[in-house]
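Peer 1: Sequence first, then the predicted structure, then my questions.
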Amino acid sequence: MASSAKKVLVPVANGTEPLEAVVMIYVLRRSGAEVTVASVEKQLQVDACHGVKFVADSLLSDCSDAVFDLIMLPGGLPGGETLKNCGVLENMVKKQDAEGRLNGAICCAPALALGSWGLLKGRKATCYPVFMEQLASCATAVESRVVIDGKIVTSRGPGTTLEFSVSLVEQLYGKEKANEAVERSLLRPNPGEDYTFIELNQTKWTFDGSTPQVILPIADGSEETEAVGLIDILRRAKAKVVVAAVGNSLEVVGSWKVKLVADVLLADAEILTYDLIVLPGGLVGAQTFASCGKLVNMLKKQAESNKPYGAICAPSALVLEPHGLLKGKKATTNPSFCEKLSDKSHIEYRVVVDGNLVTSRGPGTTMEFALAIIEKFFGREKGLEIAKATLL
């Protein structure tokens, strides 16, 4: 695979949309590409939108002479403006286009960057709805979730990123590899339709204060797409999300080598109470969660207090099940771990809410999972509002 690996560049800046960037990285790396995350700032750490912090692999200036098979631009503000105003990046993308190699852009980036650089003249493209008028001044604007015109691929926003990334996998590796990416990621079968989830033993979720207090633990080997997706979507709804590192360092290396920076260490966060404890997936991360006495005790106290808790992907089977936290409950998990659940009656559902428990399947179900949580705390109207804003 190393000899055939395609080289991909993902430039990031302060104010980049983290869900878009991380999903791109996840899909391309999982498909075998060699992805370089390059900061256009003067330092490697990037303060992305919604308070998400991550560390790039290199500075853009250090890889400006490299040749890439694909350069893909995430959106977000002011990140998109920073990408647009970066002369080094502009030159790289223009050279990429002139030499017939792939460029991709999503959200505001098609209009702000590709359009302003003159690369969309005479081409069809799409972008986030509020930038469509600007896009129409420099391209044939199309209201599609993903648009491919020659060697330029564009897309609309966070909720279309998975489809966008799979399209780029197909451009680089072919249809078979793209189909594998769809299956592995659990891509939503009905993009653009209202999200749904199954609910049993309906219980009203409440919270003290003006907004829910949520703790999201992360560890080395946590699935960064799920972690960032939850943080991003829940913070859009104004939930207070505390990202707590399980270990001795705030910097955590995810399962696909994205370096995330937590807000606090779990050891410093466990003394407080939370309206929700929610675990992201990732095999190694889940194993760390399962062996962390502090976290397991927090989860048990949460369940005993009839307060909400949940997990997506592996932790349902590897953390909640072995510690008795699924007893008498219906749950789902990643297909790879379904056999570890004692009750498999609901494993085919993408999101399952059973009383104060919420579980989900994997990266491609993350946004639906987060929206189900928002709906339980804030109501259906708020969930649909966030779904519309993110173009799920």
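Peer 2: Perfect, I can see it now. Predicted model, so just to flag it, every value in this text is computed and none were measured.

Peer 1: Not counting its neighbours along the chain, what's nearest Cys108?
Peer 2: Gly80 (4.0 Å; C-beta to C-beta, 6 or more residues apart in numbering). C-beta: built from backbone N, CA, C; applies to glycine.

Peer 1: dump the residue contacts of Glu176.
Peer 2: By C-beta atoms under 8 Å, 6 or more residues apart in numbering, no residues touch Glu176.

Peer 1: After the one helix or strand it maps to, which helix or strand is next?
Peer 2: Assessed by DSSP states H and E, Glu176 sits inside helix 175-185. Downstream of helix 175-185, the next assigned helix or strand under DSSP H and E is strand 198-200.

Peer 1: Okay, and Gln171 sits in which element?
Peer 2: helix 161-173.

Peer 1: how about that helix: buried residues?
Peer 2: By 16 or more other C-beta atoms under 10 Å, the buried positions in helix 161-173 come out as 161-173.

Peer 1: and it, what's its mean pLDDT?
Peer 2: For helix 161-173, mean pLDDT is 98.

Peer 1: Just name whatever secondary elements that helix is in contact with.
Peer 2: Applying 3 or more C-beta pairs under 8 Å, 6 or more residues apart in numbering; DSSP states H and E, one finds that helix 161-173 contacts helix 18-30, strand 70-73, strand 102-106, strand 146-149, strand 152-155, helix 175-185.

Peer 1: Check which helices and strands the fifth one sits against.
Peer 2: Spelled out, it's strand 152-155. Against strand 152-155 (3+ C-beta pairs under 8 Å, 6+ apart) you get strand 102-106, strand 146-149, helix 161-173.

Peer 1: show me where the chain has helices.
Peer 2: For the chain, applying DSSP state H gives helices covering 18-30, 79-84, 87-98, 109, 132-136, 161-173, 175-185, 224-236, 266-269, 283-290, 293-304, 315, 366-378, 380-390.

Peer 1: okay, those, which one's buried deepest?
Peer 2: helix 315 (a mean of 32; mean count of other C-beta atoms under 10 Å).

Peer 1: Quick check: which helices or strands does it pack against?
Peer 2: Against helix 315 (3+ C-beta pairs under 8 Å, 6+ apart) you get helix 283-290.

Peer 1: Show me what the mean pLDDT comes to for the helix it packs on.
Peer 2: On average, helix 283-290 scores 98.

Peer 1: and it, what other elements does it pack with?
Peer 2: Checking 3+ C-beta pairs under 8 Å, 6+ apart, helix 283-290 ends up next to helix 293-304, helix 315.

Peer 1: which one of the buried residues of helix 161-173 sits closest to Ala269?
Peer 2: Thr161 (29.2 Å; C-beta to C-beta).

Peer 1: now, among the buried residues of helix 161-173, which is nearest to Ser345?
Peer 2: Leu162 (27.5 Å).

Peer 1: ok, Leu391 to Arg145 distance?
Peer 2: Computed as C-beta to C-beta, to the nearest Å, the Leu391 to Arg145 distance reads 7 Å.

Peer 1: Show the contacting residues for the residue nearest to Cys108.
Peer 2: Gly80 neighbours (C-beta under 8 Å, 6+ apart): Gly15, Thr16, Leu73, Cys107, Cys108, Ala109, Leu112, Ala113.

Peer 1: okay, the residues you listed in CSV with pLDDT and distance to Asn334 next?
Peer 2: Listed next are the contacts of Gly80 as CSV, based on pLDDT from 0 to 100; distance: C-beta to C-beta, whole Å:
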residue, pLDDT, distance to Asn334
Gly15, 98, 32
Thr16, 98, 28
Leu73, 98, 30
Cys107, 98, 28
Cys108, 98, 32
Ala109, 98, 31
Leu112, 98, 36
Ala113, 98, 35
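
Peer 1: most neighbours, which of those residues?
Peer 2: Thr16 (33 neighbours; other C-beta atoms under 10 Å).

Peer 1: Backbone torsions only: list them for that residue.
Peer 2: phi -70, psi 150 (degrees, to the nearest 10).

Peer 1: Give me the pLDDT for the closest residue to it other than its chain neighbours.
Peer 2: In space, and not counting its chain neighbours, Thr16 is closest to Gly79: 3.5 Å by C-beta to C-beta, 6+ apart. The model reports Gly79 with a pLDDT of 98.

Peer 1: My guess is Gly79 contacts Glu20. True?
Peer 2: No. The criterion here is C-beta atoms under 8 Å, and Gly79 misses it with Glu20 at 9.5 Å.

Peer 1: Identify the spatial nearest neighbour of Glu180, chain neighbours not counted.
Peer 2: Nearest to Glu180 is Ser31, by C-beta to C-beta, 6+ apart, at 7.3 Å.

Peer 1: which ones are touching that neighbour?
Peer 2: Val169, Leu172, Tyr173, Lys177, Glu180, Ala181.

Peer 1: right, and the pair among these with maximum separation?
Peer 2: Leu172 and Glu180 (12.7 Å).

Peer 1: circling back to that earlier point, to Lys42, which of the helices and strands packed on helix 283-290 lies closest?
Peer 2: Per C-beta to C-beta, nearest to Lys42 of the helices and strands packed on helix 283-290: helix 293-304, 36.2 Å.
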